[in-house]
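Chemist: sequence plus the predicted model coming up.
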Amino acid sequence: MLNSFERLLLVRGVPIFKELRDDFLVRLASIMEERSYSVKEPILIEGQEGRSMYVICKGSVRVHNGSRDLTFCKRGDFFGEMSLFDSEPRSASVTAIEPCECLVLTQQQLYEAVDETPGIALNLIKILSGRVREMNREIKAREQEIRLLKGEPITQIR
């Protein structure tokens, strides 16, 4: 369990919160629920409804679609943030790969933060956009690898 100072340091290190004042971060960090997960325990399940994001306090997780790994996250990383905006089903599963502790931010808590500091919404948009761009780069690279393996010419994808 984290003390209030450790919570503040962890939350302050999350890029989407960099525009928030320390007094608000203290309040936000204090109301975020702390949850623990054991090895191989699912944290999020693809397809389920979600309205919260997670910040890893301890341990690490794998983000995956079925058996296909998408990425790995460790202390200070966050995941699940898309559901804060669209309330759509989770697009991936997240499973603890070692004992894990997370702080959980709900949609309502985020909306209150955005009301106080609209800049947090811009930070989230930048981060989500960056993740989409990175996934697009990875898809293009994989498509080119497949074309090379098949002996097809490589063309510029725009």
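Modeler: Arrived safely.
Chemist: from what I can see residue 55 touches residue 76, true?
Modeler: Yes - counting by CB atoms under 8 Å, residue 76 is a contact partner of residue 55 at 7.5 Å. Using the backbone N, CA and C atoms, a C-beta is placed for each residue, glycine as well.
Chemist: ok, residue 91 - contacts?
Modeler: Each residue near residue 91 by CB atoms under 8 Å, 6 or more residues apart in numbering is listed here: 46, 82.
Chemist: can I take it that it is in a helix?
Modeler: No - if the criterion is DSSP: H, G, I helix; E, B strand; the rest coil, then residue 91 is coil and not within a helix.
Chemist: from residue 98, how far out is it?
Modeler: Separation of residue 91 from residue 98 (CB to CB, to the nearest Å): 23 Å.
Chemist: cool, and residue 48?
Modeler: For residue 48, the distance to residue 98 - CB to CB - is 23 Å.
Chemist: try residue 125
Modeler: According to CB to CB, residue 125 and residue 98 sit 31 Å apart.
Chemist: run through who's touching the helix or strand bottoming out on mean pLDDT in the chain.
Modeler: In the chain, no helix or strand scores lower on mean pLDDT, DSSP states H and E than helix 83-86, which sits at a mean of 80. By CB under 8 Å, 6+ apart, the surrounding residues in contact with helix 83-86 are 49-53, 90, 105, 107, 110, 124.
Chemist: over to stretch 97-108?
Modeler: 2, 7, 10-11, 28-29, 32-41, 43, 51-62, 72, 83-84, 87.
Chemist: excluding covalently adjacent residues, which one is nearest to residue 88?
Modeler: With CB to CB, 6 or more residues apart in numbering as the criterion, residue 88 has its nearest non-adjacent residue at 7.4 Å, and that residue is residue 82.
Chemist: so who does the one you found touch?
Modeler: Neighbouring residues of residue 82 by CB under 8 Å, 6+ apart: 88, 91, 128.
Chemist: let me see the ranges of the helices in this structure.
Modeler: Assigned by DSSP state H, the chain shows helices spanning 4-12, 22-31, 83-86, 107-116, 119-150.
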